[in-house]
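Enquirer: Take a look and give me a structure for this.
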Amino acid sequence: MQVGIDMGTVAGGQLAKLDIEELLATRLLVQGNSGSGKSHLLRRLLEQSAPWVQQVIIDPEGDFVTLADKYGHVVVDGERTEAELIGIANRIRKNRVSCVLTLEGLDLEEQMRAAGTFLNGLFDADRDFWYPVLVVVDEAQMFAPSVGGDVSEDARKLSLGAMTNLMCRGRKRGLAGVIATQRLAKLAKNVAAEASNFLMGRTFLDIDMARAADLLGMDRRQAEMFRDLKRGNFVALGPALSRRPLPIVIGTVETSARSSSPKLMPLPDAPQDVEDLIFTPDPEEFARPLPPRRAAPQPRPTPDILAELSRAVPAAAAAPSEPRIAQPELTPEERDERLNLVLSEILDDPQSGYRTDAVLYQDFLVRARMRRLPGPPMSLSDFRRRAAVARSGIDPETAASEAWTIAMELSSQVSDDLQGVFLMMAKAAILAEPCPSDARIARAYGTHSARRARRLLGYFEEQSLIVVHTDFTGKRIVAFPDLQKETAPGSADAADQDEGRLAAE
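Expert: Below you'll find the model as predicted:
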C-alpha cells in the first residue's frame, strides 16, 4: 500500500509528498543548525505518519513527549536498568505500540548507554515481531559521533554500534531509521551514508555545507545556498521525496514541544532596594533542601558488568530470618558439567544463533543462579569461548585430540564473535567432513547473509589461517595448513539442512 503524507508545499503551492512505504526501505537524514526548524520537521513527519506506521522516537531533550496526549505514544523514561530497557523494547515491537524514549535529565554518557541499549533491544526482537517501525533519532550526532569525546569508550561503542545496526541492517528487521543532526561533520560517516533520502536545512560552516552539497549531488558553488535558507525551509532529495533537489517549506503541526525558542520581553521596573532584594536571603530558602548534585560518572571498567552484578547479594539475603538449606558441595568437575548443561539449554533454542552474546549471557547467568550453582560466575569472554566450542558440534573423543588443541590455539587469533565459525570449519577439517555451505556459515555467525559468510572465509584466509580452493567439480575445500587437515569437497550454495529441519519442526 502506497501512502503519501503531506510535508508542506513546494514552489508554486503544490503539496510536498513523502512516500512512507519508500521511506521504510530507504531511510532519511535531516540536517539543520539550531533554529532551522529541524525539530518542527520531525514533528510534522511524526504527526502525519502516526496513523499509518508504528513509531519509536529517541528524544534527548524530552521535546516529543507531547505526542502522547494526541496520538497515544507511550513515554519511556530512559533512567532504567539495561534489562528493563531491553524488555520494554521487545514488548514495544511485540505489541506494535508507538513510544517516545525520553532521555531528559541524563548526562551524555547515560543517554548514549540508554539509547544504545534500547535500539539493540528493538534490533534483537524475535523474527515474528519484525513489523515496520519508523525509528526517529533526534540529535543523532550525540549517539553516532564521528570522533571520540569525553565519554568512556565502551559507551561510545555501544551507542555507535546500535546506530550503525539501525541504519545498515535495520531494514530487513522492519526498522526504518530517520536521523536528525545539527552538524553533518560531527555525525559518523558510515551512519549518514546509509540514508537515501535527505532534507537539508540552514547551515553556515563550510565543512557542513560541503557535505550537504555532496550528498545532494550539488557543486561547491551551489552549497552557498544553505546559508540563505529560512527557518522551516529545506532542500529535499531521495526516492521517497524527489528525484531532483527540491526546495520545500514544512507545513504546520498540531502539537508543540514543551520548550520553545526564547522570545524578547520587556524587563520589569527595577525596585528601589534592588541590592537588598538580591543579597538578602529569603528565610524559606533555608527550609528548602539543596537539590542533589549529580556526580560525574566514572568510566566503567572493562570487566564484565553482568558478572559483577551477579555477585551482588541482596540486603535481605545477607541476614536471613530463617536458616537457609545448605547446598551440597560440588566438585569442580560436577560444577563444570552443570554449567555445560545450562549452556546447552540456551544453545538448543533454534533462535539462539540470531541473538547477541550479551543477551544469551544474561540468560545464562539467570539460569545458573536459579540452579544455585556455587562459585564465581563465568565471565562473558569465557562464555563466548564455551559457546563457540559448543556450536562447533565437536564430540568428546575429537575434543581430546592434539589436532583440536591446535585448533583451539589458532581460534584465539580471531575475535570472540568469529571463533564459533572458525572452530566449526576446523572440526569439519579434522573429521574430513564436507565443507560447510555459505548458509551454514552464516547461521553460525548469527546472520542470513551468504555474502557475509564468504567475507568471513576471505578474512580467515587473509590471516593465513586457512586456504580456500575448489576441486574439479567446483566444490569448495578449506585447508588448515597448521593442522595439515582439510575438509571434504562441499557445495557453497547448498541449503542449511539444520535450519531447514528446525523450520519444519
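
Enquirer: got the buried residues for stretch 61-77?
Expert: Residues of stretch 61-77 classed as buried by neighbour count (16 or more other Cβ atoms under 10 Å): 61-67, 73, 75-77. Just so you know, the C-beta spots here come from the backbone N, C-alpha and C atoms, and that holds for glycine as well.

Enquirer: let me redo that: stretch 475-488
Expert: In stretch 475-488, counting by 16+ other Cβ under 10 Å, buried: 475-478, 480, 483, 485-487.

Enquirer: Looking at those, which are in strands?
Expert: Of the buried residues of stretch 475-488, the ones assigned to strands by DSSP state E are 476-478, 480, 485-486.

Enquirer: quick one on the thing from earlier: which ones among the buried residues of stretch 61-77 map onto strands?
Expert: 75-77.

Enquirer: Nearest the geometric middle of this structure, what residue?
Expert: Centroid-nearest residue in the chain: A162, 2.0 Å away (criterion: Cα atoms, centre = their mean).

Enquirer: Now name the helix or strand holding that one.
Expert: According to DSSP states H and E, A162 maps onto helix 153-168.

Enquirer: With T398 instead?
Expert: Using DSSP H and E, the element containing T398 is helix 396-399.

Enquirer: any idea of the angle the following helix or strand past that helix forms with strand 476-480?
Expert: Note on helix 396-399: by DSSP H and E, the next helix or strand toward the C-terminus is helix 402-411. Here the directions of helix 402-411 and strand 476-480 differ by 90 degrees (axes from the mean of the first three to the mean of the last three Cα atoms, to 10 degrees).

Enquirer: how about JSON lines for the ones in strands among the buried residues of stretch 475-488, with pLDDT and distance to K230 added?
Expert: Formatted as JSON lines, these follow (pLDDT from 0 to 100; distance: Cβ to Cβ, whole Å):
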{"residue": "R476", "pLDDT": "93", "distance to K230": "60"}
{"residue": "I477", "pLDDT": "93", "distance to K230": "65"}
{"residue": "V478", "pLDDT": "92", "distance to K230": "61"}
{"residue": "F480", "pLDDT": "92", "distance to K230": "65"}
{"residue": "K485", "pLDDT": "90", "distance to K230": "69"}
{"residue": "E486", "pLDDT": "92", "distance to K230": "67"}
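
Enquirer: Farthest pair within these?
Expert: R476 and K485 (15.2 Å; Cβ to Cβ).

Enquirer: what's next to stretch 200-218, contact-wise?
Expert: For stretch 200-218, contacts defined as Cβ atoms under 8 Å, 6 or more residues apart in numbering pick out 29-33, 35-38, 41, 183-185, 192, 198, 219-220, 222-224, 226-231, 233-235, 237, 245.

Enquirer: for it, the distance to its chain's centre please.
Expert: Distance of stretch 200-218 from the chain centroid (Cα atoms, centre = their mean, to the nearest Å) equals 27 Å.

Enquirer: Run through the strands of the stretch 51-200 of the chain in chain order.
Expert: 54-59, 74-77, 99-102, 133-137, 175-181, 197-200 (DSSP state E, counting those that start in this stretch).

Enquirer: Show me the one of those strands that comes nearest D273.
Expert: strand 99-102 (42.5 Å).

Enquirer: Pull the contacting residues for L85.
Expert: L85 makes contact with 76, 78, 114, 117-118, 121 under the criterion Cβ under 8 Å, 6+ apart.

Enquirer: Is it possible to mark the buried ones in these?
Expert: Neighbour counting over the contacts of L85 (16+ other Cβ under 10 Å) leaves 76, 78, 114, 117-118, 121 as the buried ones.

Enquirer: I'd like the distance from the longest strand that the chain contains to the chain centre, please.
Expert: Counting residues, the longest strand found in the chain (DSSP E) is strand 242-250. The chain centroid and the centroid of strand 242-250 are separated by 30 Å under Cα atoms, centre = their mean.

Enquirer: Stretch 32-45 now?
Expert: Put simply, stretch 32-45 sits 24 Å off its chain's centre (Cα atoms, centre = their mean).

Enquirer: hmm, who's touching that stretch?
Expert: 5, 7-8, 18, 30-31, 63-64, 67, 136, 138, 178, 180, 182, 199-204, 229, 231-234, 250-253, 255, 257, 261.

Enquirer: do that again at 6 Å, thanks
Expert: Stretch 32-45 is contacted from outside by 30, 63, 136, 180, 182, 201-203, 231-232, 250-251, 253, using Cβ atoms under 6 Å, 6 or more residues apart in numbering.

Enquirer: Closest one to D417 out of the ones in strands among the buried residues of stretch 475-488, please.
Expert: Within those, distances to D417 taken as Cβ to Cβ reach their minimum at V478, with 19.2 Å.

Enquirer: quick one, what contacts that closest one?
Expert: Here V478 is in contact with 425, 435, 466, 468, 487 (Cβ under 6 Å, 6+ apart).

Enquirer: one step back: go ahead and produce CSV holding the CA coordinates of the longest strand of the chain.
Expert: Taking Å, rounded to 0.1, in the frame of the first residue of the first chain, the C-alpha atoms of strand 242-250 are listed here in CSV:
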residue,chain,number,x,y,z
SER,A,242,12.1,13.8,-5.2
ARG,A,243,14.5,12.6,-7.9
ARG,A,244,15.9,16.0,-8.1
PRO,A,245,16.8,18.6,-5.4
LEU,A,246,13.5,20.2,-4.5
PRO,A,247,13.1,23.2,-2.1
ILE,A,248,10.1,22.7,0.3
VAL,A,249,8.5,24.6,3.1
ILE,A,250,7.4,22.4,6.0
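
Enquirer: Perfect, I'm done here.
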